[in-house]
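Enquirer: What shape does this take:
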Amino acid sequence: MVNIVSFGTSNYDDLLKHFYKSLSNNCKENFTLHYYSINYESSVKGDNLITYNFYTNKIFKRGDRDVSSSTKSEINPVFLKPNILIKSLIDINSENYIYLDIDVILTKNFNSEVLFSKIKNSRTPLSPQHFWEYPMDYRNPNNIKCFGEDLCKELSIERSGKLWSQNCMIVYSKKHLDFLLDWNSMSNNNQLRNLSTGDEEIYNVTLWLYDQINNLGSVCISNGIVDIRKTSTSRFEDIIDCYRLYNSGLFDRSLFVAQNKMTSETTNESVMIFHGISVTDFLRLQ
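Expert: Sure thing, here's the model as predicted:
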């Protein structure tokens, strides 16, 4: 039995419905989805879906540097992620867990035993290698910085040479409680949060505080990193076309928008999830 953890607010309930259905259709393992509904009661039901009502008065306003496309005045629930993972350690009787964002779909390669083996001797949770190994913030052309640079300076951490992980998937266990507490503490620190570009940056900097240089490798393909088809002179990708190609065994590394470390390590057996799936995308797969 694999315990999958996720969370969301009321505006994601429709996405949750399709995410849960896709898990039921694509996961070859026995699983239970543990979903934490933030300040609402979810209408989605299922035989192997357990919902937990998570009520909080905590508000995380989006800062000036936040890379989210949502408005800065909106409450930002993503900073609750470490809190949810801590709560899951209490609520779920298990040694190992897999957190997934609900805009994720599993491939035919999903294998929890492989994922859990990667964290067996790890001091921290692990996540997929990000396609952009050293992501840069280009929004201010007069002050281009590598994501994590300001936080690292504030915490006296060396930024150079550290690869970026994407926390749409987090594989963790009970032994990682200290890490989760530290990540949660940093996420609740207004000064550090205002220096960050989002929750994923704080997650990565917490990994670096623990001297973590490893990750899950090329297990995830995200929306925005593949070039499936061309129209006129513009390039755009279609994450569902890419997913279909990959599951059929026809995916080729040349489809990536750049050739780098992750590209070279991606095989037809390595990718376990696709990330950035919308409700419309899920509907196209029905």
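Enquirer: List the contacts of residue 128.
Expert: By Cβ atoms under 8 Å, 6 or more residues apart in numbering, the contact set of residue 128 is 165-166, 168-169, 215-220, 273. Placement of C-beta: from N, CA and C, glycine included.
Enquirer: The residue lying closest to it once chain neighbours are set aside: how many residues sit nearby?
Expert: The shortest distance from residue 128 to any non-neighbouring residue, by Cβ to Cβ, 6 or more residues apart in numbering, is to residue 220 (3.7 Å). Other residues lying near residue 220 total 27 when counted by other Cβ atoms under 10 Å.
Enquirer: Pairing partners for residue 220 in the sheet, please.
Expert: residue 273 (DSSP bridges).
Enquirer: For residue 167, see how far away it is.
Expert: Relative to residue 167, residue 220 is positioned 10 Å away (Cβ to Cβ, to the nearest Å).
Enquirer: do residue 223 as well
Expert: Distance, residue 223 to residue 167, by Cβ to Cβ: 15 Å.
Enquirer: now do residue 28
Expert: For residue 28, the distance to residue 167 - Cβ to Cβ - is 24 Å.
Enquirer: Those two: which has the busier surroundings?
Expert: Taking neighbours as other Cβ under 10 Å, residue 28 and residue 167 compare with residue 167 leading, 23 against 10.
Enquirer: pLDDT value on that one, please?
Expert: Residue 167 carries a pLDDT value of 96.
Enquirer: What is the least confident helix or strand in this protein?
Expert: strand 234-236 (a mean of 46; mean pLDDT, DSSP states H and E).
Enquirer: for the stretch 151-286 of the chain, which spans come out with low pLDDT?
Expert: Where the stretch 151-286 of the chain drops to pLDDT under 70, the residues are 228-237.
Enquirer: same thing but at 50, please
Expert: Scanning the stretch 151-286 of the chain for pLDDT under 50 picks out the ranges 230-236.
Enquirer: show me where it has helices.
Expert: Remark: helices assigned in the stretch 151-286 of the chain by DSSP state H, counting those that start in this stretch are 177-187, 190-195, 199-209, 239-247, 261-265, 279-284.
Enquirer: how about a markdown table for the ones you listed, with mean neighbour count and distance to residue 38 added?
Expert: Listed next are the helices of the stretch 151-286 of the chain as a markdown table, based on neighbours: other Cβ atoms under 10 Å; distance: least, Cβ to Cβ, whole Å:
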| stretch | mean neighbour count | distance to residue 38 |
| --- | --- | --- |
| helix 177-187 | 19 | 15 |
| helix 190-195 | 15 | 18 |
| helix 199-209 | 24 | 14 |
| helix 239-247 | 19 | 26 |
| helix 261-265 | 15 | 32 |
| helix 279-284 | 14 | 19 |
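Enquirer: Reformat those helices into CSV and put distance to residue 21 next to each item.
Expert: Below are these laid out as CSV (distance: least, Cβ to Cβ, whole Å):
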stretch, distance to residue 21
helix 177-187, 29
helix 190-195, 34
helix 199-209, 27
helix 239-247, 15
helix 261-265, 29
helix 279-284, 8
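Enquirer: which one of those lies closest to residue 152?
Expert: Nearest to residue 152 among these is helix 199-209 (6.4 Å), distances taken as Cβ to Cβ.
Enquirer: Just give the nearest non-adjacent residue to residue 30, would you?
Expert: residue 1 (5.0 Å).
Enquirer: Neighbours of that neighbour, how many?
Expert: For residue 1, the count of nearby residues is 9 (other Cβ under 10 Å).
Enquirer: looking at it, it is touching residue 31, isn't it?
Expert: Yes - with contact defined as Cβ atoms under 8 Å, residue 1 reaches residue 31; the gap is 6.9 Å.
Enquirer: what separates the closest residue to residue 78 other than its chain neighbours from residue 244, distance-wise?
Expert: Of all residues not flanking residue 78 in the chain, residue 199 sits nearest, at 4.3 Å (Cβ to Cβ, 6+ apart). From residue 199 across to residue 244, the span is 30 Å (Cβ to Cβ).
Enquirer: care to break this protein down by domain?
Expert: The chain breaks down by automatic domain parsing into domains covering 2-130+164-209, 220-284.
Enquirer: With distance to residue 150 added, can I get those in TSV?
Expert: TSV is the format used below for these (distance: least, Cβ to Cβ, whole Å):
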stretch	distance to residue 150
domain 2-130+164-209	5
domain 220-284	24
